[in-house]
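Asker: got a predicted structure plus its sequence, pasted below:
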Amino acid sequence: MLKSSRCPYRGWQCLWLLLVVCLLNAGCGNDSQYEALSPGATVLAFGDSVTAGVGAAAGKDYPSQLAAKTGLVVVNAGVSGDTARAAGSRLAPLLAQHEPELVIIELGGNDFLRKTPASQVKEFLRDMIVEAQESGAQVVLVAVPSLSLLRASLGALVDSDIYAQLSEEEGVILVPDVFSNVLSDSSLRADEIHPNAAGYAQLAQGVNAVLVDNGLLR
């Protein structure tokens, strides 16, 4: 660590020295604020029909494919038709039963279909995030696309803004764009709102990549 705010060397030498110091100290801005998961850790995949795997054969849902990729024990707690409004009531028993190190939340799509205001959906999700964190689990939030018939018809769905906002406000890991991209590609969909097996594989890969990038998996 430099003892003075002024570097005694030339400009490029100072930059090089700073780079070396950063590398020796595990990198500037590279330190993860998240804890690595234990080998074989239990993960609770909490969501709706997308988490449950509607649109694909048994074992091709994204939690199963994520488990196969990582060696984690991924509990599929997806319920078809569930909403962020209603799902909170079933979270506490699952947290107590499984004691997961990580909770992956994928919810909101059915709320949007019911035209629940995004601001309300955001607060329902926030309540679940806080509850999971208070249990000792880390949280990953899967971004869900905004409801847009025009964008759906063009294959250009985008995430609802509430997910990035929650990630920033609550300090949780976000899986951005992956679900929106899957539903924007007809070859990855079983229907307008559900992936097929290939789509679930892409979702599992996206979650896996985010876990690696944030230091939860090594």
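Answerer: Done, it's in.
Asker: where do the helices sit along this structure?
Answerer: With DSSP state H, the ranges of helices along the chain come out as 11-24, 49-52, 62-70, 84-98, 109-113, 118-134, 149-154, 161-170, 178-183, 197-213.
Asker: what's the mean pLDDT across the shortest one?
Answerer: Put plainly, it is helix 49-52. The average pLDDT for helix 49-52 rounds to 98.
Asker: neighbouring contacts of it?
Answerer: 45, 61-63, 76-82, 104, 106, 109, 179, 193-195, 203 (CB atoms under 8 Å, 6 or more residues apart in numbering). No exception for glycine: its C-beta is placed from N, CA and C like everyone else's.
Asker: now, of those residues, which are buried?
Answerer: By neighbour count, with 16 or more other CB atoms under 10 Å, these hold 45, 61-63, 76-79, 82, 104, 106, 109, 179, 193-195, 203 as buried.
Asker: export the helices of the chain to TSV and tack on distance to residue 39?
Answerer: TSV is the format used below for the helices of the chain (distance: least, CB to CB, whole Å):
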stretch	distance to residue 39
helix 11-24	28
helix 49-52	23
helix 62-70	10
helix 84-98	17
helix 109-113	32
helix 118-134	21
helix 149-154	40
helix 161-170	26
helix 178-183	25
helix 197-213	13
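Asker: how about those helices, which one is nearest residue 40?
Answerer: Smallest distance to residue 40 across the helices of the chain (CB to CB): 9.3 Å, for helix 62-70.
Asker: what's the angle between that closest one and helix 197-213?
Answerer: Here helix 62-70 runs at an angle of 50 degrees relative to helix 197-213 (axes from the mean of the first three to the mean of the last three CA atoms, to 10 degrees).
Asker: can you start the count at 29 instead of 1 from here on
Answerer: Right, with 29 as the first residue, what we last looked at is helix 90-98.
Asker: could you give me the buried positions within helix 90-98?
Answerer: Neighbour counts using 16+ other CB under 10 Å place 90-95, 97-98 of helix 90-98 among the buried residues.
Asker: what packs against that helix?
Answerer: Packing partners of helix 90-98 (3 or more CB pairs under 8 Å, 6 or more residues apart in numbering; DSSP states H and E): strand 70-75, helix 77-80, strand 101-106, helix 225-241.
Asker: one more time with 7 Å
Answerer: strand 101-106, helix 225-241 (3 or more CB pairs under 7 Å, 6 or more residues apart in numbering; DSSP states H and E).
Asker: tell me the mean pLDDT over that helix?
Answerer: For helix 90-98, the per-residue pLDDT averages 98.
Asker: now find how far off-centre that helix is within its chain.
Answerer: 14 Å (CA atoms, centre = their mean, to the nearest Å).
Asker: so where is this structure shaky, pLDDT-wise?
Answerer: In the prediction, the chain carries residues with pLDDT under 70 at positions 29-60, 176-184.
Asker: quick one: residues contacting residue 67.
Answerer: Contacts for residue 67 (CB atoms under 7 Å, 6 or more residues apart in numbering) come out as residue 99.
Asker: typo on my end, it should be residue 154
Answerer: Applying CB under 7 Å, 6+ apart, the residues contacting residue 154 are 194, 198.
Asker: follow-up on the earlier one: need the helices and strands packed on helix 90-98 in a markdown table with distance to residue 146, can you?
Answerer: Shown next, in a markdown table, are the helices and strands packed on helix 90-98 (distance: least, CB to CB, whole Å):
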| stretch | distance to residue 146 |
| --- | --- |
| strand 101-106 | 22 |
| helix 225-241 | 22 |
